[in-house]
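Asker: my questions concern the predicted model and sequence given below.
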Number of protein chains: 2
Amino acid sequence: MDQHAPAQPLYETLASRVVALIESGVLRVGMRAPSVRAFAAQQGVSLTTALQAYRLLEDRGVLEARPKSGFYVLGRPHQQRALPAASRPPQRATPVSISNPVFSVLAYAGDPSYAPLGCALPSASLLAAERLDRHLARCARVHGRHYNIYADPHGDAELRDQISERALRLGHAVPPEGVLITNGCTEALNIALSVTTTPGDTVAIESPTYFGLLQVLEARGLRALELPTDPVSGIDVAALDKALGARRIAACLLASSFNNPLGTRTADGRKADITKVLTRHGVPLIEDDIYGDISFGNDRPRPFAAISPKADIILCSSFSKTIAPGYRIGWLAANRRHDHILAAKFALSLSGAALPQKAMADFLKSGGYDAHLRRIRKLFADNIDRMRRTVDRSFPNETRMTDPKGGFVLWLELPDRFDANALYTRALSERICFVPGGLFTASGGYRNCLRLSCSHDWDARIERSVERLGELAGEMLA
Amino acid sequence: MDQHAPAQPLYETLASRVVALIESGVLRVGMRAPSVRAFAAQQGVSLTTALQAYRLLEDRGVLEARPKSGFYVLGRPHQQRALPAASRPPQRATPVSISNPVFSVLAYAGDPSYAPLGCALPSASLLAAERLDRHLARCARVHGRHYNIYADPHGDAELRDQISERALRLGHAVPPEGVLITNGCTEALNIALSVTTTPGDTVAIESPTYFGLLQVLEARGLRALELPTDPVSGIDVAALDKALGARRIAACLLASSFNNPLGTRTADGRKADITKVLTRHGVPLIEDDIYGDISFGNDRPRPFAAISPKADIILCSSFSKTIAPGYRIGWLAANRRHDHILAAKFALSLSGAALPQKAMADFLKSGGYDAHLRRIRKLFADNIDRMRRTVDRSFPNETRMTDPKGGFVLWLELPDRFDANALYTRALSERICFVPGGLFTASGGYRNCLRLSCSHDWDARIERSVERLGELAGEMLA
């Protein structure tokens, strides 16, 4: 894909030079590109030509124009590697049985003696949540006595105000009374499922999807119907429509953005189409927006609920991926079923821990979270970029990989004959952990795929581990 | 019941004088009685006669001898009021539908403008958990970074060690690996039920029982079979045996001690009998020991799991009633099904908040919890004593009430024609909240009963509110 048209216009040549800077790592994702004026002067061309080059790179998704700020590196110029194919899971609902293999992987994923490509959890050092911790220390010192009660089952009122305000910035009008604080996103998903399904029901999901979600379905006795999913555009709307027409689906459960493991950013228009189809079939949508704040671009994508405010949608999210995995603070926002949702929360765990919620509210009010997000978005974008670059030069040529625009996981697809479980076993023996693809489906498949997590500070050990995985994969395919 | 035998021996007369001191409030529950020597001198009798009087009061459960320390006031001499009758719930399993009325009561129970006889939750001022909060502040300051990860789904290792050590003191050998930390006792009960039942199953429970437990059964789609329960001795073992023989019961769920609302302290021998019956029928026991640490006596009662270590028992408990309702730290200890329990926890909420667990571990290690328990046991015993005294002089003569030996709730039974819901409505209009009896059953009944909570610092407002309830009840019965 390195061929150029023979008679290349000047702005194409200039664009290639910018790309080369990105490829070599001089310019990295999230960095500001030289100003158009500086670039023109540097290259000895007119302002117009320099701007043409930048606009071309913008069209190609390499640069991003930010009003009054200039151009920023958004991603790599074009796929060195092909994207994984859109998935084609079986068109039948399957009971879910995934917990046993998941636990064996998690045992290694959490072991610091293994290279941390397994666990999709930011390292504490990367999150650097000291400001939040100081708020907690202060809350415990100052407010302890006042807060040593069962919190309102809805959760801390100030925290709900803050979450409501942040939703409004995305055009999602959810009053504080519509927000319920939960023990992480997992509890939010449990509550959402408990008010929309009963055991034996079928839930439509993306494919591949996060194994933790499959475990929740398994524990609740639900069946999974996996939908064909494209790594760039998301689920296939026509296939969804057909599936909903063919059988009773109790709920549809989708990631809002940057789904785990594909990192898909579904366009707003397609989100609206999905919601329309669901509304027509009377099926509620449960959306998991846990990665939404980790957008590499200038804008933070809007959840389905913001795009289709009147639809039957339960939005679930948490702060676990962005600032505080140890705090276990998630939430749920819905525009109906409030009584059932409250009863479900009450029956599951009564209420949440009071002081961590209060500390999080103070942290959000202080503006600390936004500054923090700006920092980690760059960090994760840079991590993903380094990881892709390393995969690119280390893995066999047939390897496809995703090009996520947010989050911190990468999905690799190798030829069908490749056995990711065998690679997993070999990798473990060399103290490298990742998650084999088979864990991301209830219906079998993805055995030729793997997920690499880029959620730790990039270092030589991680780079070497990715290279080594590539070498091993090459040997196995040879 | 104030009649004496005509020819009363001297030690009976002496005993009556001690009782009078208790009745008048000079000696209160938990206080040390005068030494035998001082009492003999004071009354001008021999040491032997004084000791006879004390032994008599010990036999009657009024005093308690503590080795090397003397005699302490354990309870009131004999029931001024009859105990409520043993319950006789219907012998069929009923679906549970309790959440709506519970929420309307909870809204008032948590409102500080109402006299707090409704909510069975210690007030923050009474718990005085400042030491624990200081541990949390220190943990957040010192350990924040280190703990900002998903905790081991089992929970903090040091906290599990501490819980394991405390269990051992009661003769309950549960290794730290057998302990799972949960988001309060409610989540522990959910996990225990999720590994022993499926929706539609029947669970055998006490009657009356805690409405929160009924909400958990309702949310899980379980049916309740209520067992005849005596306020002093607990559930009827023969009735349990018969019930288990008559139908499939998936699990039996009982309070370990001081059940809410009856405050029952089931004897060890009867606990062993209950476990034997359950074992014979192959039915697991889920026990809720949340009130066990709040024993008014010298000894802390042993849970079923300590008495029958080989039986299929899942023990659930928490620190919510004793020190930290705001921390939401509960736990579960089981001697089998560990993999299923872990998978259930993982699917419900992944793991718990890390820093509050660490703070609790530090607090337990420091010995702070034991000192704290000594203090609050006296406080609650005194509260119950004052509450009983106030009910005694204010409520209609036909009122029966429990004589709890632990916990902080009192259960009143009025004549059948009495309508506790009507009293509830009148009481609310006078800014007094309590919980009407009908919430403590899934099968209807207890409409002539009410639960009063004594979990706040005793004050004139509370005393006046109890008196007022008694007056209103009298008017309603007149």
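Answerer: That came through fine. Computed from a predicted model, the values in this text were never measured in an experiment.
Asker: can you give me the angle the host helix or strand of A:L364 makes with helix B:354-365?
Answerer: Using DSSP states H and E, A:L364 falls within helix A:354-365. Interaxial angle, helix A:354-365 versus helix B:354-365 (axes from the mean of the first three to the mean of the last three C-alpha atoms, to 10 degrees): 140 degrees.
Asker: buried stuff in helix A:354-365?
Answerer: A:354-364 (16 or more other C-beta atoms under 10 Å in any protein chain shown). (C-beta placed from N, C-alpha, C; glycine too.)
Asker: now do whichever helix or strand comes after that helix against helix A:354-365, angle only.
Answerer: Using DSSP H and E, the helix or strand that follows helix A:354-365 towards the C-terminus is helix A:368-394. Orientation check (the same axes, to 10 degrees): helix A:368-394 against helix A:354-365 gives 90 degrees.
Asker: what packs against the next helix or strand after helix A:368-394?
Answerer: Sequence-wise, the next helix or strand downstream of helix A:368-394 (DSSP H and E) is strand A:400-401. Applying 3 or more C-beta pairs under 8 Å, 6 or more residues apart in numbering or on different chains; DSSP states H and E, one finds that strand A:400-401 contacts helix A:368-394, strand A:409-413.
Asker: nearest to A:K276, of the ones you listed?
Answerer: A:K276 sits nearest to strand A:409-413 of all those, at 28.2 Å, using C-beta to C-beta.
Asker: off-centre distance for the closest one?
Answerer: Centroid separation for strand A:409-413 versus its chain: 12 Å, with C-alpha atoms, centre = their mean, to the nearest Å.
Asker: quick revisit: what's the closest of the buried residues of helix A:354-365 to chain B?
Answerer: Of all those, chain B sits closest to A:A354, with 3.8 Å by C-beta to the nearest C-beta.
Asker: isn't that closest one right up against A:Y147?
Answerer: Yes. Using C-beta atoms under 8 Å, A:A354 makes contact with A:Y147 at a distance of 4.0 Å.
Asker: which residues do those two both contact?
Answerer: B:G326 (C-beta atoms under 8 Å, 6 or more residues apart in numbering or on different chains).
Asker: on that earlier part again, restricting to C-alpha, output the helix holding A:L364 in CSV.
Answerer: Extracted in CSV, the C-alpha atoms of helix A:354-365 (Å, rounded to 0.1, in the frame of the first residue of the first chain):
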residue,chain,number,x,y,z
ALA,A,354,-20.6,6.9,50.9
LEU,A,355,-17.2,8.5,51.2
PRO,A,356,-15.7,7.4,47.9
GLN,A,357,-18.8,8.8,46.2
LYS,A,358,-18.4,12.1,48.0
ALA,A,359,-14.7,12.3,47.1
MET,A,360,-15.5,11.6,43.4
ALA,A,361,-18.2,14.4,43.5
ASP,A,362,-15.6,16.8,45.0
PHE,A,363,-13.0,15.8,42.4
LEU,A,364,-15.5,16.3,39.5
LYS,A,365,-16.5,19.7,40.9
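Asker: JSON lines for the helices and strands packed on strand A:400-401, including distance to B:V237 and mean pLDDT?
Answerer: Output for the helices and strands packed on strand A:400-401, formatted as JSON lines (distance: least, C-beta to C-beta, whole Å; pLDDT from 0 to 100):
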{"stretch": "helix A:368-394", "distance to B:V237": "57", "mean pLDDT": "93"}
{"stretch": "strand A:409-413", "distance to B:V237": "56", "mean pLDDT": "96"}
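Asker: point out the most buried one among those.
Answerer: strand A:409-413 (a mean of 25; mean count of other C-beta atoms under 10 Å in any protein chain shown).
Asker: what's the angle between that strand and helix A:368-394?
Answerer: Using the same axes, to 10 degrees: strand A:409-413 against helix A:368-394 is 30 degrees.
Asker: which strands and helices sit next to strand A:409-413?
Answerer: Looks like strand A:409-413 contacts helix A:368-394, strand A:400-401, strand A:449-453 (3+ C-beta pairs under 8 Å, 6+ apart).
Asker: go with 6 Å
Answerer: For strand A:409-413, the elements it packs on are strand A:449-453, judged by 3 or more C-beta pairs under 6 Å, 6 or more residues apart in numbering or on different chains; DSSP states H and E.
Asker: listing partners with orientation, what would you give for the strand it packs on?
Answerer: Each strand paired with strand A:449-453, and its direction, by DSSP bridges: strand A:409-413 (antiparallel), strand A:435-436 (antiparallel).
Asker: can you name the residues in contact with the longest one?
Answerer: Put plainly, it is strand A:409-413. For strand A:409-413, the surrounding residues in contact (C-beta atoms under 6 Å, 6 or more residues apart in numbering or on different chains) are A:84, A:120, A:260-262, A:387, A:399-402, A:449-453.
Asker: out of those, which is nearest to B:S97?
Answerer: For those, the nearest to B:S97 is A:N260 (37.8 Å; C-beta to C-beta).
Asker: okay, and that closest one sits in which element?
Answerer: A:N260 belongs to no helix or strand when elements are defined using DSSP H and E.
Asker: equivalent analysis for the one 5 residues further on, please.
Answerer: When secondary structure is defined using DSSP H and E, no element contains A:R265, which sits outside every helix and strand.
Asker: what's near enough to touch it?
Answerer: Contacts of A:R265 by C-beta under 6 Å, 6+ apart are A:257, A:301, A:405.
Asker: run through the residues that contact the second one.
Answerer: If a contact means C-beta under 6 Å, 6+ apart, then A:P301 has A:257, A:265 as its contacts.
Asker: the helix holding A:L364 close to chain B?
Answerer: Yes. With C-beta under 6 Å from any C-beta of the partner chain as the criterion, chain B is reached by helix A:354-365 at A:354, A:356.
Asker: buried residues in the worst-scoring helix or strand of chain A on mean pLDDT?
Answerer: None of the helices or strands of chain A scores lower by mean pLDDT, DSSP states H and E than helix A:99-109, at a mean of 79. Going by neighbour count (16+ other C-beta under 10 Å), the buried part of helix A:99-109 is A:99, A:102, A:105-106, A:108-109.
Asker: pull the most distant pair out of those.
Answerer: A:S99 and A:Y108 (15.8 Å).
Asker: quick one, phi psi at A:V73?
Answerer: Here is the backbone geometry of A:V73 (degrees, to the nearest 10): phi -80, psi 120.
Asker: enumerate the beta-bridge partners assigned to it.
Answerer: A:L63.
Asker: per-residue confidence for the spatially closest residue to A:I323 that is not a sequence neighbour?
Answerer: Of all residues not flanking A:I323 in the chain, A:A129 sits nearest, at 5.5 Å (C-beta to C-beta, 6 or more residues apart in numbering or on different chains). Looking at A:A129, its pLDDT is 89.
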